[in-house]
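Visitor: Show me how the following folds:
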Amino acid sequence: MHPTKALGSDSMFVVFFRSYCHIVEDSITAAVLDSLNNDGRNGEIVDEEQIVDNLIDATTKTWNAQLVRALFNPNIVVAILRIRLLQTQDVMEKHLCRCKIDILPTLTNLKRKKIVVKTQCGFCHVYEEDISHAMLTCSSNYSLWQKFLPMLQNFQSSLTFIDTVRMVMMQGSEAKLTMFSILCWSLWYRRNQLQMGNNLIQHVQAAKHALSICKTFNDVQITTTKDLLKVSKWQAPPDGYLKINVNGTIFANLRKAGVGIVLWDMSGRIVIAASKNEDEVDEAAIIESIAILRGLQLCLPLGIPNFVIKCDCLNVVHELQSTEESFASAGNLINEPKNLMRRFQQVRVQHTTG
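Guide: Below is the predicted model of the structure:
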């Protein structure tokens with residue numbers, strides 16, 4: 001290897017190790033042996049519960065699906081996500097029950113307990129924040145109900161929250177009641193972001209966040225055990241197609257990210273392979289979307305008309321296959337590869353399990 005090649009994360013060239021390895025050889029050997037003998041734990045006792053806790057979304061108390069997919073083999077991801085914690089529907093239904101019996105810590109409830117003095121709504125700055133105002137009648141919520149549940153856009157302000165729930169149950173379907181509970185949860189999430197973190201987010205953004213959580217949960221639920229037990233092996237693309245495998249990786253400790261792309265022909269021969277450093281990102285779906293974008297950008301000038309893209313992030317695959325508006329956190333970034341795909345004759349995006 002050329003002495004000035006392979007500049008690593010330690011900013012040292014090969015020539016450094018060739019010339020000065022004897023100085024650090026003992027220290028490096030001891031560190032490697034310690035890592036191997038202690039299963040990479042550097043002699044420390046690892047809190048296994050803390051490791052699992054890091055995989056659970058602090059807001060919803062459910063699995064962080066994107067993080068699980070980024071860390072584990074796809075063959076066991078579905079099994080992990082099927083382990084019951086507190087399911088997404090449970091979280092939002094329990095929130096709806098707390099709303100109905102008015103035990104949420106709204107500002108009016110906190111005032112009764114003499115915890116706060118001011119009860120003015122943090123969004124409209126006009127009315128007191130009770131449960132009906134926070135969930136329904138605040139002027140900042142009107143466009144949300146109009147967009148996602150039009151049957152409530154003309155609700156009467158005289159109705160209590162529980163009366164509104166009864167109206168939805170009587171006039172709507174089970175799906176609308178589910179949507180109602182999701183939107184109420186999203187409004188309370190938005191309210192907490194403002195009250196506790198002084199972070200003002202748009203109500204539609206909060207609703208899409210909640211819908212994305214539910215969509216991820218439902219995607220996992222409909223995945224069959226048969227899919228889980230499939231043997232992972234490379235599959236040739238259809239006749240007349242090439243195949244692109246893409247993958248993104250996040251190095252959180254180095255504050256870096258990167259993507260890799262491999263283009264195959266129908267015989268399994270590698271046509272071209274490439275990798276690229278990317279700016280730091282904090283979500284698996286974002287780096288996987290970037291990887292697909294780089295794969296499309298690589299193929300465009302080569303004049304390849306038909307190909308299959310394989311990606312191991314199921315959320316991104318579903319978003320690219322869908323013709324509907326994206327609710328994912330990486331929604332804006334997903335639009336770029338979607339637009340680029342239209343410049344090819346045929347592009348198939350598929351999920352890879354290995």
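Visitor: residues contacting L340?
Guide: Listed by Cβ atoms under 8 Å, 6 or more residues apart in numbering, the contact set of L340 reads L293, L296, Q297, L300. Just so you know, the C-beta spots here come from the backbone N, C-alpha and C atoms, and that holds for glycine as well.
Visitor: and these, which of them are in helices?
Guide: Among the contacts of L340, the subset assigned to helices under DSSP state H consists of L293, L296, Q297.
Visitor: residue ranges with poor pLDDT in the stretch 51-200 of the chain?
Guide: When residues are selected by pLDDT under 70, those of the stretch 51-200 of the chain lie in 51-53, 58-62, 73-75, 78, 82-92, 153-158.
Visitor: got it, and the stretch 201-350 of the chain?
Guide: In the stretch 201-350 of the chain, residues with pLDDT under 70: 216-233, 325-331.
Visitor: Please enumerate the strands of it.
Guide: Secondary structure of the stretch 201-350 of the chain, counting by DSSP state E, counting those that start in this stretch: strands at 242-251, 256-264, 270-278, 306-311, 346-351.
Visitor: follow-up on the earlier one: going through the contacts of L340, which ones are buried?
Guide: By neighbour count, with 16 or more other Cβ atoms under 10 Å, the contacts of L340 hold L293, L296 as buried.
Visitor: Out of the contacts of L340, the closest to R343 would be?
Guide: Top of the list for closeness to R343, among these and by Cβ to Cβ, is L300 at 6.4 Å.
Visitor: The nearest residue to that closest one once chain neighbours are set aside: neighbour count?
Guide: Once flanking residues are discounted, L300 sits nearest to R343: 6.4 Å by Cβ to Cβ, 6 or more residues apart in numbering. By the criterion of other Cβ atoms under 10 Å, R343 has 10 neighbours.
Visitor: So for stretch 128-136, what gets flagged as buried?
Guide: For stretch 128-136, burial by neighbour count (16+ other Cβ under 10 Å) applies to E129, D130, I131, S132, H133, A134, M135, L136.
Visitor: Helix or strand: which one has the most centrally placed residue in the chain?
Guide: The C-alpha lying nearest the average C-alpha coordinate of the chain belongs to Q66 (Cα atoms, centre = their mean; 4.7 Å). For Q66, the element it lies in under DSSP states H and E is helix 65-71.
Visitor: Which strands and helices lie in contact with that helix?
Guide: helix 74-81, helix 203-221, helix 284-299, helix 314-321 (3 or more Cβ pairs under 8 Å, 6 or more residues apart in numbering; DSSP states H and E).
Visitor: Ok, which of those helices comes nearest V165?
Guide: In this view, the helices and strands packed on helix 65-71 are compared for proximity to V165 by Cβ to Cβ, and helix 203-221 is the closest at 17.5 Å.
Visitor: Let me have the strands of the stretch 201-350 of the chain in JSON lines, extended by distance to S289 and mean neighbour count.
Guide: Formatted as JSON lines, the entries for the strands of the stretch 201-350 of the chain read as follows, by distance: least, Cβ to Cβ, whole Å; neighbours: other Cβ atoms under 10 Å:
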{"stretch": "strand 242-251", "distance to S289": "8", "mean neighbour count": "21"}
{"stretch": "strand 256-264", "distance to S289": "10", "mean neighbour count": "19"}
{"stretch": "strand 270-278", "distance to S289": "11", "mean neighbour count": "13"}
{"stretch": "strand 306-311", "distance to S289": "9", "mean neighbour count": "21"}
{"stretch": "strand 346-351", "distance to S289": "11", "mean neighbour count": "17"}
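Visitor: before we move on, back to that, can you give me the buried ones in the helix holding Q66?
Guide: Within helix 65-71, the residues that count as buried by 16+ other Cβ under 10 Å are A65, Q66, L67, V68, R69, A70.
Visitor: mind putting the residues you listed in TSV, distance to A273 included?
Guide: Rendered in TSV, the data for the buried residues of helix 65-71 read as follows (distance: Cβ to Cβ, whole Å):
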residue	distance to A273
A65	29
Q66	26
L67	27
V68	27
R69	23
A70	22
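Visitor: Let me know the closest of those to V165.
Guide: Distance ranking of the buried residues of helix 65-71 against V165, using Cβ to Cβ, places A65 first at 29.4 Å.
Visitor: Double-check that closest one against N315; I have them as touching.
Guide: Yes - under the criterion of Cβ atoms under 8 Å, A65 makes contact with N315 at 7.1 Å.
Visitor: ok so, going back, for the ones in helices among the contacts of L340, which one is nearest A175?
Guide: For those, the minimum distance to A175 (Cβ to Cβ) is 34.1 Å, reached by L293.
Visitor: tell me the contacts of that closest one?
Guide: L293 makes contact with L333, E336, P337, L340 under the criterion Cβ under 8 Å, 6+ apart.
Visitor: Cheers, nothing more for now.
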